[in-house]
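Asks: I need the structure of the sequence given here:
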Amino acid sequence: MTGAIALPNLNKVRVVLPTNPDWQKYLNNLPHDFYHLAGYLELEAQRYEATAEAIVIEDDAEVFFLPYLLRNCDCPGAPVYDVISPYGYPGMLVSPAGQNPQFIDRCLQTIYRYWQERNICSAFLRLHPILNSYFIDRTSNDRHESNRSIEVTERLHHRGDVVICDLTNDLEDIWKQIRSSHRTKINKLKRSGLMVRMVPVDRYLEVFIEIYRETMNRVNATSSYYFTQDYFERFVKALGNGVQLCVVEVDGQIIAASLITEFSGIVQYHLGGTRTEFLPYSPTTLVFDYVIKWAKQRQNRYFNLGGGLNGQDSLYHFKIGFSDLTKSFATLETIVDCQLYDRLTAQRAESLGLTTSALNNTSFFPAYRAN
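Replies: Below is the predicted model:
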């Protein structure tokens, strides 16, 4: 199916499918990340058994673009759906002229009204810490609010901070921001003969997958962090020249590998790993140092190192040693149809042997999908 889905009674609003060339046309005029690419949405839709689409609202120079995955809640009777973001930091894209509270709130109300018409119960949106900072910063973290005009409940939930290196700074200033112990480690690793470089990701993909899986096994990662070889192959194809592979070698052997993405002046450390026997070297220290210089040389503006696994843990402490700039990673959790949400949550609570209130008090959203 191609083309756009018409929205009744909503001027200048459309839903675009990934197969529609207009998807890329919108991205061409908006700063974006790989999370917004049609190919990436299709890939994630397959993983979640969902349908990928993007809702677009235009008002002259003000443009709002929101990609998401539509899931069937598998309820008896009339179909019920919910919305989630693909893995990562997608969020919404808004043109510079539209980055004002009035336009954004009007867009969200329009979207919620449309979702109600489509029997969509809830939406869980992961926001982009850089591209959505204007939205996150103006809204209080962990704030609940009800919009009476459209009978929805929103919650902007602060999930943690990510570490950002501002590449517009001079390299000398960036180096000074790096923790002294990291600088010592970087110099020591270079003297020890460790080499770091970018290599063609398609030629070294199997090596990366091997190292990544070894790392996930070592840290007892949840199943959501395990991706098939087919997924990685399609991921590389979807991103094209926007993904690179950074490897660390010693004596000709690759001991660490990281997928590095590059879109709209934003470079990100996406996924990576280290062979267990070489953990004492801490080769990721060398990766971050190399990527900072590589990204700046290519005239990028930001390098997103990511955050921790559980807030400000040891991984976050390691990353914050490279830059003192952080940005909030937040999610926007919306109950679009409160009555339907309550009914599904009550049914799920009963199946788990819990009270509805106990299930609602967990941090999982939407509560009716809690295990």
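
Asks: the helices in this protein, which residues?
Replies: 22-28, 38-48, 101-117, 133-138, 171-177, 180-191, 205-218, 229-239, 283-297, 314-319, 338-352, 356-360 (DSSP state H).

Asks: Indicate which one of the ones you listed is closest to Ser264.
Replies: helix 22-28 (9.2 Å; CB to CB). C-beta: built from backbone N, CA, C; applies to glycine.

Asks: thinking again about what came up before, could you dump the helices of the chain to a markdown table with mean neighbour count, distance to Val63 and mean pLDDT?
Replies: Output for those, formatted as a markdown table (neighbours: other CB atoms under 10 Å; distance: least, CB to CB, whole Å; pLDDT from 0 to 100):
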| stretch | mean neighbour count | distance to Val63 | mean pLDDT |
| --- | --- | --- | --- |
| helix 22-28 | 16 | 7 | 97 |
| helix 38-48 | 20 | 17 | 97 |
| helix 101-117 | 18 | 9 | 92 |
| helix 133-138 | 16 | 15 | 88 |
| helix 171-177 | 13 | 33 | 96 |
| helix 180-191 | 14 | 41 | 96 |
| helix 205-218 | 17 | 35 | 97 |
| helix 229-239 | 16 | 23 | 96 |
| helix 283-297 | 21 | 27 | 98 |
| helix 314-319 | 17 | 33 | 93 |
| helix 338-352 | 16 | 30 | 94 |
| helix 356-360 | 15 | 36 | 94 |
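
Asks: To Leu305, which of those lies closest?
Replies: Using CB to CB, the helices of the chain put helix 314-319 closest to Leu305, at 4.6 Å.

Asks: who does that closest one touch, helix- and strand-wise?
Replies: strand 152-166 (3 or more CB pairs under 8 Å, 6 or more residues apart in numbering; DSSP states H and E).

Asks: got the domain boundaries for this structure?
Replies: 4-160+329-336, 169-300 (automatic domain parsing).

Asks: can you pull the contacts of Leu359?
Replies: 345, 348-349, 352, 367-368, 370 (CB atoms under 8 Å, 6 or more residues apart in numbering).

Asks: Of the domains of the chain, give the one that comes closest to Phe318.
Replies: domain 169-300 (7.8 Å).

Asks: So for that closest one, first residue to last residue, what's the gap.
Replies: 11 Å (CA to CA, to the nearest Å).

Asks: Quick check on Gly252: phi, psi?
Replies: phi 80, psi 0 (degrees, to the nearest 10).

Asks: scratch that, Gly308 is what I was asking about
Replies: phi -100, psi -180.

Asks: likewise Phe365?
Replies: According to degrees, to the nearest 10, Phe365 has phi -140, psi 130.

Asks: Touching, it and Glu333? I think so.
Replies: Yes - counting by CB atoms under 8 Å, Phe365 touches Glu333, with 4.6 Å between them.

Asks: Next, show the common contact partners of these two.
Replies: 122, 124, 155, 157.

Asks: Let me know the pLDDT of the spatially closest residue to the last one that is not a sequence neighbour.
Replies: Same thing as His157. Leaving out its chain neighbours, the residue that sits closest to His157 by CB to CB, 6 or more residues apart in numbering is Thr331, at 5.0 Å. At Thr331, the model reports a pLDDT of 96.

Asks: Can you give me every residue that contacts Thr331?
Replies: Per CB under 8 Å, 6+ apart, neighbours of Thr331: 124-127, 156-157, 159, 365.

Asks: how near is it to Asn371?
Replies: 18 Å (CB to CB, to the nearest Å).

Asks: Just name the closest of the shared contacts of Phe365 and Glu333 to Gln116, please.
Replies: Checking the shared contacts of Phe365 and Glu333 one by one against Gln116 (CB to CB), the nearest turns out to be Ser122, at 11.2 Å.

Asks: What count of nearby residues applies to that closest one?
Replies: Residues lying near Ser122 (other CB atoms under 10 Å) number 28.

Asks: In contact with it, which residues?
Replies: 82-83, 333-337, 341, 365-366.

Asks: for those, which one is nearest Gln299?
Replies: Nearest member of the contacts of Ser122 to Gln299, counting by CB to CB, is Val83, at 35.6 Å.

Asks: gap between that closest one and Gly242?
Replies: For Val83 relative to Gly242 (CB to CB), the value is 25 Å.
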